[in-house]
Structure formats: structure tokens, C-alpha cells
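Participant: Sequence first, then the predicted structure, then my questions.
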Amino acid sequence: MNNTQQVIKFKDEAAIQKFLQKIEVYQKNQSAQLLQIINFQIVGLELQIFLEDSSSYISLEQLIQLFKIENIYFKEGQILYIFQQILSAICSMHKQQLIHRALYPENIFFDQNFNVKIGIFSQLFCGRQQSVYDSPEFLTNKQYNQKSDIFAIGCILYYISSFQQPFPISQKTIVTGILFSSVQPIPTFYSANLYKIIKAMLNRDYKPRPEPLKLINNTIFSGFDLKKEKQDLLQVYYRLKNNKIIEIIQLNINNNDLKKLLDILLGNDLELELRISIVETELKIKLEDKYQLIYNTIINKISNSEALLCQFIDDDIQDILIQIIQNIISFKK
């Protein structure tokens, strides 16, 4: 696994030692749902931290945008799977009196098996700007505790359910929006119980907000097979991703030979392995200079739309089709 390096500069060694204490606490809490600290080293007054590489993961924000573009809502069971995974990580942190305080969709990831991974929490690294996921008590400079994380998770659940923030706010009115705006209902095809839980988590007063352990034991989870919901979510993701890739390519292909190869690849008349074999063999024979123009058109199209969904870095069209093959194989599994 590759590592992601982060470098933090300090004014003196005392500050470094104080910061190392935070790292030790984090390492003791390295549950499966948290991005791991692989290693760290001190170089002068710099602390180099090597984190688990998340570059191959998809973020929750990317997943939400993919559903939103296709105008498809998450099923309630899929939302509950994500909810349960986040709660599991946060429960383990709260047991050690840690507060994450950096919970937002861009900092929550899915690995290749669609296990949820949560990014580094802000107690470990430096401060950040105000966020729509910050609790009212934090935004008003009052004392805050683990219940701030519950508020953030409530915002995330609302966003997953409705594709919009629970409070009508802009960057200039974050504090005003969170403190004074009312929470609108989520779509009616979700259960009243889900909305009730979200509203409780979004309570402006932190005291009535539910504890994470109480949430994770809520009966709302008992009506769903979360392992099945995870697999369903994984398959929907691959289907939407494949559709987007295929749509981009088909819009930019005018060559009949290549269209025939795509038809063979995407058809159902032959076994998948045989379709792949035919396409790979034909490409080796038919790959000529004229395909370079088609490839360039496709790359140009991808670079201007949804590049995050399909990163093609090779230099001929064979690699694009092989990428589609790999996606289809993953989806079939």
C-alpha cells in the first residue's frame, strides 16, 4: 500500500513533543473504520506523518454526486449501512474521550470493498475554516464535547437523504443558518423513524442529542440486512460508474469497427470471458493511427466532465476498453 505524507512544521521541540502525544492517542484508536497512521518521523522541526493512502478510494461526496447526477436516491438500507459504519468508528473514538470534529462527506471514504473509512480528525492536525457540519456550540465559541460529532453525522445523514444541507446557508451565513433556520423534512419515501433520528441529532442544544452507543443500538437497524445493503450499494455504484464511462465513450466514437467491438463487449450473446478475448484480440489487430484521434476526443471529453469517476492515464484506446472490461468484471462479481 502506498502512503500519503503530511508534513507539519513547529516552532520548537516542546511543541513537537506535545503533538506526538496526540498521535499516540490516535494510534491507540486505529479502528478498521479510520484511516491508519502508517509511520511518522521527526526531521528537524518538521513532523512527517505517513497515512494510509486513500487516493484509490471514493469519497462519500463523490458517491452522493454520482447518485445526484443520475437523479437516483439512496435506499434507506444503504443510508443505514453508511450510518452504522460511521457510528462504529465514532463510538471507538468517544470511548477514549476523543472528538473527531472533522466529519463531512469529503473526509469519509469507501475502499475497494465498500468498507467505510473516516479521515484524520481535526484534534490531530491544525485548525480549519468554519463548516456547514460544525455544531452550534462550536460555531459560537462555547464549550463543546463528543455531541458535536453527533450533530455533524446528522447533517451528513440529511445530505445523503435529500442531496441538500439541512439549513439554508451560504459561506457567509453559516453561523446564522445553523443557529436560526429550521430543518425541512426529508423526502417522504424515507421512514418517519429515520427523520426522527436525524432531527434529534440536529438539536441545537447538545444535551438532548442522542449518544452514539444509543444510536448504534437503535431498532431502526434491525429491519435491514446491512451486509446485503452494502453489496447492493457496491453494485449500484459500479453500474452508475460504468454507465457514465460507456456514455462518454459512445458519444465520441464514430468508427464502425470500434462500435462493433463495444457491442461485442457489452452484449450478452456470449460468455463474458469470450467477449473479452474477442475484443482484446481484435484491438491488437485493428489498433491503427486512426484510433488515436478517437482516443484524444474521448480524453478531452473526460477531462471536462466527471474526471473523478474514471481516470485514464494510458496513451491508447486499448487501455480505455480494458478499463471498461475490469469494471464489468467487478460489477459481475
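Facilitator: Right, received. Where do you want to start?

Participant: Helices of the stretch 51-200 of the chain, start to end?
Facilitator: 60-69, 76-95, 136-139, 147-162, 174-180, 192-201 (DSSP state H, counting those that start in this stretch).

Participant: As JSON lines, those with mean neighbour count and mean pLDDT would be great.
Facilitator: (Each C-beta comes from the backbone N, C-alpha and C, glycine too.) As requested, the helices of the stretch 51-200 of the chain are exported to JSON lines (neighbours: other Cβ atoms under 10 Å; pLDDT from 0 to 100):
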{"stretch": "helix 60-69", "mean neighbour count": "18", "mean pLDDT": "90"}
{"stretch": "helix 76-95", "mean neighbour count": "21", "mean pLDDT": "92"}
{"stretch": "helix 136-139", "mean neighbour count": "18", "mean pLDDT": "84"}
{"stretch": "helix 147-162", "mean neighbour count": "23", "mean pLDDT": "95"}
{"stretch": "helix 174-180", "mean neighbour count": "17", "mean pLDDT": "74"}
{"stretch": "helix 192-201", "mean neighbour count": "17", "mean pLDDT": "96"}
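
Participant: so which of the ones you listed comes closest to residue 105?
Facilitator: Among the helices of the stretch 51-200 of the chain, helix 60-69 comes nearest to residue 105, with 3.8 Å by Cβ to Cβ.

Participant: Grab the CA positions of the closest one and hand them over as PDB.
Facilitator: Taking C-alpha atoms only, helix 60-69 is exported to PDB below (Å, rounded to 0.1, in the frame of the first residue of the first chain):
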ATOM      1  CA  LEU A  60     -18.900   9.900   0.200                       C
ATOM      2  CA  GLU A  61     -19.200  13.300  -1.500                       C
ATOM      3  CA  GLN A  62     -18.200  11.700  -4.900                       C
ATOM      4  CA  LEU A  63     -20.800   8.900  -4.300                       C
ATOM      5  CA  ILE A  64     -23.500  11.400  -3.500                       C
ATOM      6  CA  GLN A  65     -22.700  13.500  -6.600                       C
ATOM      7  CA  LEU A  66     -22.900  10.300  -8.700                       C
ATOM      8  CA  PHE A  67     -26.300   9.500  -7.400                       C
ATOM      9  CA  LYS A  68     -27.400  13.100  -7.700                       C
ATOM     10  CA  ILE A  69     -26.300  13.400 -11.300                       C
END
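
Participant: who's in contact with it?
Facilitator: Helix 60-69 has contacts (Cβ atoms under 8 Å, 6 or more residues apart in numbering) with 73-74, 82, 104-106, 108-110, 156, 159-160, 163, 237, 240-241, 244, 306, 308-309.

Participant: I'd assumed residue 239 was in a helix, is it?
Facilitator: Yes: the assignment for residue 239, made by DSSP: H, G, I helix; E, B strand; the rest coil, places it in a helix.
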